[in-house]
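Chemist: just to be clear, the model below is a prediction. Sequence and coordinates:
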Amino acid sequence: MIGLGTVGGGVAKLLRDEADLYAQRTGRRIELRRVLVRNAAKARASGLVEPDKVTDDPGAVVAGDDIDMVIEVAGGIDPVRAFVARALENGKHVVTANKSLLAAHGPALFATARQHNVSIAFEASCGGGIPCVTALTCGLMANRMDGLYGILNGTCNYILTEMTAGGKTYEQALKEAQDAGFAEADPTLDVSGADAAQKLAILASLAFGVKIEGDDVHAVGVDGLDLKDIAFGDELGFDVKLLAIAERWPGEKWVNVGVQPCFIKKDELLAQVKGPFNALSVHGHAVGHTLYYGQGAGQMPTASAVVSDLLGVVSGWAPAAFSNLNLTPDLTEPAPLLDRADTESAYYLRMETLDEPGVMAKVTSILGGKGISLSTVLQHESKAGEVVSLVVTTHMTRLGDVEEAAKEIAALGPIQGEPVIIRVIEMPA
Ligand code: HSE
C-alpha cells in the first residue's frame, strides 16, 4: 500500500479485522505486506500496521517480488504517478482512490496497465463508499446514458447544508468538514469545485464512453456563493446544491459537463442529500432514473470502496472487466464537448439596483430582446432610492443569451455590480 493517511488507516483496519471474512469470500488470504510512507518513524509509531511492514523505499512496494497488487491511497499526482506506473510495469494490479491522478493521467496509466496485462480498479476515486463506478461499468451496461447529476463533494454538501439549515457561516462549516476528515489536504480543491470536476470527468467518461479530462469540466465552487441567494432560493422553493452534471440529449453527440452551485426544487430526491453524503442520479435510456446514495468521504466509507476493489481483483472479475470491456478512456475518443454558451437551462438572476422608476421595464426589455422568457419575478418592499434585490427566474434558455443579457443589465445606470446567475435544474423524469 502507498500511503497510510486517513484512508490507508481504514484499509489497514479492514484488512486486519475482516481477514477471515475476506478469506471466506474469495478463498484466498490477503496479506498487507508493505506500506510506503514518507515518514517511516511516524507511521511505525501510529500503531496502524506492524512496524516491520513500514518502508520509505518505493521499490520495496512497486517492484517487490512478493507483491501482487498495489493499493494507492496517498493522493496527489507526483510522485504517486511514477509509483503507479512502475507498479503496473512490474506486473502488479493497482487499486487507487486517486481522482486527481486519473482525471489528469488516466488514459496513459490505463494503457500502461493493458500493455502489462494488469488492471486498475478505481471505485474509491468517485463517491467514496458508493459503488457508482461499478454501477456505470457493470450494472447499467445495457443503457445509453442521457445524464448524470451528482453531489460528489461531501465537504461542499456539508458546508451548504450547515449554511442553509444550521445557521453556520461558511468558515465555521468548512472548519468542521476539515476536522471530520472529509476535506482534501488542500480544501480549495473541494470548495472551488475542482474535486467534484475530477470525479465527474471519470464518471462521465465511463457513462458516455468518451474521453473527458478534469480540465474539460467547467467548475464553479461554493466559495463565491452569497447567503442572500440561498435565502432567495429558499423563498422560491429551491435548495442549493453543488451539482456535477454530465448531459447528452438523446440522439445528439454533444456532451455537456460542468460543476456549479445549482437550485433544485426542495422535493427532488437530490435535495434530501444532506451533510457529507454524496449521491449520483443516473438516467439511462432503458432503465430510466436510478439513484446511488451514501457516504462520499471519510475513512471507512472510502476504505470500503478500496477493499471492495481489492477483493474484485482477487476474485478475478475486476481484471476481467478491465481487459475485456472497452470502457476506460485509453480506448475511447475525446468527448465532443458542447460550447457552454450553447447549453440550455432555466436560470436565476439576482440584480442589485437602486429602486428607481423604469428599472424593471429596462431589465425585462433586455431579457425579452434576447428571447428569454421569465418564469418568476421577485422584489421585496423597499424605500425609493435604496438599493434593492431584483430576482427573476427564466424558462429554458441559452446560457450565452443569459450571459449577454447580464452584461447589458450590468451597464444600466441604477444596477450595482454584476447580476448573479445560478442554474435552475429541472431534473429529467
Ligand atoms: N474531499 C472529498 C469530499 C472526499 O469532500 O467529498 C474525497 O473525495
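Modeler: Structure's in. What do you need? Since the model is a prediction, treat every value here as computed from it, not as a measurement. Numbering: from 1, shown residues only.

Chemist: quick check: which element contains Cys156?
Modeler: helix 154-164 (DSSP states H and E).

Chemist: can you name the next helix or strand after that helix?
Modeler: Next along from helix 154-164, by DSSP H and E: helix 170-179.

Chemist: and that next one, which residues are buried?
Modeler: 170, 173-174, 176-177 (16 or more other C-beta atoms under 10 Å). All C-beta atoms are positioned from the backbone trio N, CA, C, and that covers glycine.

Chemist: just those that are near the ligand?
Modeler: When C-beta under 6 Å from any ligand atom is applied, no member of the buried residues of helix 170-179 is adjacent to the ligand.

Chemist: among these, which one sits closest to the ligand?
Modeler: Ala177 (6.8 Å; C-beta to the nearest ligand atom).

Chemist: packing partners for the helix holding Cys156?
Modeler: helix 170-179, helix 188-191, helix 227-235, strand 238-247, strand 277-284 (3 or more C-beta pairs under 8 Å, 6 or more residues apart in numbering; DSSP states H and E).

Chemist: mind running it again at 6 Å?
Modeler: helix 170-179 (3 or more C-beta pairs under 6 Å, 6 or more residues apart in numbering; DSSP states H and E).

Chemist: give me the contacts around the helix it packs on.
Modeler: 155, 158-159, 162-163, 183 (C-beta atoms under 6 Å, 6 or more residues apart in numbering).

Chemist: can you redo those residues as CSV with neighbour count, pLDDT and distance to the ligand?
Modeler: Listed next are the contacts of helix 170-179 as CSV, based on neighbours: other C-beta atoms under 10 Å; pLDDT from 0 to 100; distance: C-beta to the nearest ligand atom, whole Å:
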residue, neighbour count, pLDDT, distance to the ligand
Thr155, 27, 94, 3
Tyr158, 25, 94, 8
Ile159, 34, 95, 9
Glu162, 20, 92, 13
Met163, 20, 90, 15
Ala183, 26, 84, 5
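
Chemist: now for the residues you listed, which pair is the farthest apart?
Modeler: Maximum pairwise distance among those (C-beta to C-beta): 15.4 Å, between Met163 and Ala183.

Chemist: how about stretch 62-71: buried residues?
Modeler: 62-64, 67, 69-71.

Chemist: could you identify the most distant pair in those?
Modeler: Longest span within the buried residues of stretch 62-71, C-beta to C-beta: Ala63 and Ile71, 15.5 Å.

Chemist: hmm, back to that, which of the buried residues of stretch 62-71 fall in helices?
Modeler: Members of these lying in helices (criterion: DSSP state H): Val62.

Chemist: hmm, who's touching the helix or strand containing Ala60?
Modeler: Secondary structure from DSSP H and E places Ala60 in helix 58-62. Outside helix 58-62, the residues within contact range by C-beta under 6 Å, 6+ apart are 34, 36, 83, 86-87.

Chemist: switch the contacts of helix 170-179 over to CSV; also include distance to Gly127.
Modeler: Below are these laid out as CSV (distance: C-beta to C-beta, whole Å):
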residue, distance to Gly127
Thr155, 14
Tyr158, 15
Ile159, 18
Glu162, 21
Met163, 22
Ala183, 16
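
Chemist: end to end, how far does stretch 59-75 reach?
Modeler: Start and end residues of stretch 59-75 are separated by 18 Å (C-alpha to C-alpha, to the nearest Å).

Chemist: so which of the buried residues of stretch 62-71 is the closest to Ser100?
Modeler: Ile71 (16.7 Å).

Chemist: next up, the contacts around Ala429.
Modeler: With C-beta under 6 Å, 6+ apart, Ala429 has no contacts at all.

Chemist: distance of the residue nearest to Val37 when sequence neighbours are not counted from the ligand?
Modeler: The shortest distance from Val37 to any non-neighbouring residue, by C-beta to C-beta, 6 or more residues apart in numbering, is to Ala43 (4.2 Å). Distance, Ala43 to the ligand, by C-beta to the nearest ligand atom, to the nearest Å: 21 Å.

Chemist: sec struct for Ala43, please.
Modeler: helix (DSSP: H, G, I helix; E, B strand; the rest coil).

Chemist: that one: how many residues sit nearby?
Modeler: 24 (other C-beta atoms under 10 Å).

Chemist: quick check: it touching Leu4?
Modeler: Yes. Using C-beta atoms under 6 Å, Ala43 is in contact with Leu4, at 5.0 Å.

Chemist: please enumerate the shared neighbours of the two.
Modeler: Joint contacts of Ala43 and Leu4 (C-beta under 6 Å, 6+ apart) are Val37.

Chemist: before we move on, the earlier item: so which of the contacts of helix 58-62 would you say is closest to Leu349?
Modeler: When the contacts of helix 58-62 are compared against Leu349 (criterion: C-beta to C-beta), the nearest one is Phe83, at 48.0 Å.

Chemist: just the residues contacting stretch 146-153, thanks.
Modeler: 157, 190, 195-196, 199, 203, 207, 241, 243-247, 250, 273, 278-283.

Chemist: can you select the buried ones from those in ChimeraX?
Modeler: ChimeraX command restricting the contacts of stretch 146-153 to the buried ones, with burial defined by 16+ other C-beta under 10 Å:
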select :157,190,195,196,199,203,207,241,243,244,245,246,247,273,278,279,280,281,282,283
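
Chemist: the contacts of stretch 146-153: which ones sit near the ligand?
Modeler: 190, 195.

Chemist: coming back round to it: how about the buried residues of helix 170-179 in CSV, adding pLDDT?
Modeler: Shown next, in CSV, are these (pLDDT from 0 to 100):
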residue, pLDDT
Tyr170, 90
Ala173, 91
Leu174, 92
Glu176, 92
Ala177, 88
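
Chemist: can you show me the CA trace of the lowest-mean-pLDDT helix or strand in the chain as PDB?
Modeler: Here the helix or strand of the chain ranked lowest by mean pLDDT, DSSP states H and E is helix 170-179, holding a mean of 91. Presented in PDB, the C-alpha positions along helix 170-179 are these (Å, rounded to 0.1, in the frame of the first residue of the first chain):
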ATOM      1  CA  TYR A 170     -19.000  29.400   5.500                       C
ATOM      2  CA  GLU A 171     -15.800  29.400   7.600                       C
ATOM      3  CA  GLN A 172     -17.400  27.500  10.500                       C
ATOM      4  CA  ALA A 173     -18.800  24.900   8.300                       C
ATOM      5  CA  LEU A 174     -15.500  24.400   6.300                       C
ATOM      6  CA  LYS A 175     -13.600  24.100   9.600                       C
ATOM      7  CA  GLU A 176     -16.000  21.400  10.800                       C
ATOM      8  CA  ALA A 177     -15.700  19.400   7.500                       C
ATOM      9  CA  GLN A 178     -11.900  19.600   7.800                       C
ATOM     10  CA  ASP A 179     -12.000  18.400  11.400                       C
END
